[in-house]
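Colleague: Provide a 3D model corresponding to the input given below.
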Amino acid sequence: MADDTVRYGIIGVGMMGREHFINLSHLRSEGVAVVAVADPHLPSQRLAQDLAKSFDWPIQVFSGHRELLDSGLCDVVIVSTPNMTHYKILMDIINHPKPHHVLVEKPLCTTVADCKEVVDAARKRPDILVQVGLEYRYMPPVAKLIEIVKGGTLGRVKMVAIREHRFPFLVKVDNWNRFNVNTGGTLVEKCCHFFDLMRLFAGANPVRVMASGAVDVNHKDELYDGKVPDIIDNAYVIVEFENGSRGMLDLCMFAEGSKNEQEISVVGDIGKGEAFVPESIVRVGSREAGRDGVQTIKAKDDRIKYDGLHHGSSYLEHTYFLAAVRAKGLQAPAVDLQDGLVSVAIGVAAQLSIERGRFVTIEEVRGEF
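Modeller: Residues are numbered from 1 along each chain as shown. Presented below is the predicted three-dimensional model:
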């Protein structure tokens with residue numbers, strides 16, 4: 001192995017951990033190697049070993065993350081474990097004598113308090129980079145829409161509407177994702193992606209949140225240790241931002257009969273842009289040109305070598321993080337801990353709004369940014 005090879009360890013090699021493994025295999029020519037994995041689940045270990053063999057990558061296998069950290073094998077670790085384990089694992093990584101750069105899957109943690117502790121701890125370790133896996137920013141049509149918004153084509157953004165109509169939550173190891181106590185709730189677990197995008201488009205921090213949602217169709221006939229799942233399967237969420245702009249999320253997880261899984265609309269005072277996934281189409285128009293002036297753009301990113309589960313966004317996420325790691329402190333992570341914290345705070349506020357039947361301020365859930 002070359003001296004400048006960046007050595008990765010993957011903590012949690014369930015579905016997403018193995019997805020990261022495959023993405024990293026496509027960066028092999030960039031001087032990347034997966035050298036270790038950690039997971040207490042034996043079937044997941046075996047699947048990871050099969051992947052490693054197919055890539056001709058010899059790996060060490062550990063049953064716990066502490067053993068992986070103590071091994072000294074890794075420069076970078078990916079945390080792709082169940083949501084409720086993120087806090088403990090991140091704190092162990094940050095407090096470990098050997099510095100390990102970290103890419104942690106969304107959500108950063110399941111509670112705002114845990115997120116804040118991680119942020120505070122990481123501030124004391126300037127030798128560690130932590131990037132949060134909010135990779136939807138990099139899906140080609142979304143990235144194109146971000147570019148259009150940042151370029152000023154739409155003017156001052158006033159409204160952001162995001163619709164996700166999709167299939168139900170997948171089955172995960174030990175069915176951990178069926179309960180709010182493990183996931184943080186659907187609006188934290190799944191929708192932190194969309195709250196992150198809203199904040200990007202709005203260019204401001206959130207102020208208050210109103211939501212309505214329920215468990216109406218999915219998982220109602222499932223039973224785990226005598227308990228019925230409590231994760232909501234549909235919701236409407238309104239987010240108000242400090243600059244006066246508003247965002248709205250329309251989530252439905254029993255809408256498999258949809259042409260697009262995500263539809264995003266951003267409206268400014270002079271124009272409107274839309275992105276469609278997986279159709280990979282962007283539409284942009286202006287008030288002046290009207291309907292006849294709407295342009296349709298096919299979004300594509302030729303840098304993507306592997307589409308994977310998220311339309312190439314995970315691949316791009318890894319390229320950006322690798323660049324930050326190689327910059328040796330001269331380049332900040334593309335998606336930092338503050339981004340992760342705020343996306344969780346909006347989701348927590350939305351979950352509380354459903355529970356309490358009223359607007360919930362961000363101040364209530366997390367204090368000053």
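Colleague: Identify the residues contacting the residue nearest to residue 326 when sequence neighbours are not counted.
Modeller: Leaving aside its sequence neighbours, residue 326 sits nearest to residue 6 (C-beta to C-beta, 6 or more residues apart in numbering; 7.2 Å). Any C-beta I mention is one placed from the backbone N, CA and C, and that applies to glycine too. By C-beta atoms under 8 Å, 6 or more residues apart in numbering, the contact list for residue 6 reads 31, 32, 33, 75, 76, 322, 325, 326.
Colleague: which of those sit farthest apart?
Modeller: 33 and 326 (14.1 Å; C-beta to C-beta).
Colleague: returning to that earlier point: export the contacts of residue 6 to a markdown table and append columns for distance to residue 293.
Modeller: Converted to a markdown table, the contacts of residue 6 look like this (distance: C-beta to C-beta, whole Å):
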| residue | distance to residue 293 |
| --- | --- |
| 31 | 47 |
| 32 | 45 |
| 33 | 50 |
| 75 | 50 |
| 76 | 47 |
| 322 | 40 |
| 325 | 44 |
| 326 | 43 |
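Colleague: what's the closest of those to residue 268?
Modeller: Using C-beta to C-beta, the shortest approach to residue 268 within the contacts of residue 6 belongs to residue 322, at 33.9 Å.
Colleague: wouldn't that closest one be in contact with residue 28 here?
Modeller: No - using C-beta atoms under 8 Å, residue 322 is not in contact with residue 28; the gap is 11.6 Å.
Colleague: Looking at the two, which is more packed in?
Modeller: A direct count of neighbours by other C-beta atoms under 10 Å for residue 322 and residue 28 places residue 322 higher, at 20 against 14.
Colleague: what's the offset of the helix or strand harbouring that one from the middle of its chain?
Modeller: If you go by DSSP states H and E, residue 322 is part of helix 313-326. Helix 313-326 sits 14 Å away from the centroid of its parent chain (C-alpha atoms, centre = their mean, to the nearest Å).
Colleague: Now do the helix or strand following it, average pLDDT.
Modeller: Later in the chain than helix 313-326, the nearest helix or strand by DSSP H and E is helix 337-356. Computed over helix 337-356, the mean pLDDT rounds to 98.
Colleague: Same check on stretch 94-103?
Modeller: 98.
Colleague: ditto for stretch 82-90
Modeller: For stretch 82-90, mean pLDDT rounds to 98.
Colleague: From one end of it to the other, what's the distance?
Modeller: Distance between the two ends of stretch 82-90: 12 Å, counting by C-alpha to C-alpha, to the nearest Å.
Colleague: Next, give phi and psi for the residue nearest to the spatial centre of the chain.
Modeller: The centroid of the chain falls nearest to residue 134 when counting by C-alpha atoms, centre = their mean (2.9 Å). Main-chain dihedrals, residue 134, degrees, to the nearest 10: phi -100, psi 70.
Colleague: A helix includes residue 162, no?
Modeller: No - residue state for residue 162 (DSSP: H, G, I helix; E, B strand; the rest coil) corresponds to strand; a helix is not indicated.
Colleague: which stretches of the stretch 1-150 of the chain have low pLDDT?
Modeller: The model of the stretch 1-150 of the chain has pLDDT under 70 over residues 1-2.
Colleague: Helices of that one, start to end?
Modeller: 15-25, 42-54, 65-71, 86-94, 112-123, 140-150 (DSSP state H, counting those that start in this stretch).
Colleague: Same list (the ones you listed) but as TSV, adding mean neighbour count and distance to residue 255.
Modeller: Formatted as TSV, the helices of the stretch 1-150 of the chain follow (neighbours: other C-beta atoms under 10 Å; distance: least, C-beta to C-beta, whole Å):
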stretch	mean neighbour count	distance to residue 255
helix 15-25	21	21
helix 42-54	15	30
helix 65-71	18	36
helix 86-94	20	28
helix 112-123	18	29
helix 140-150	21	19
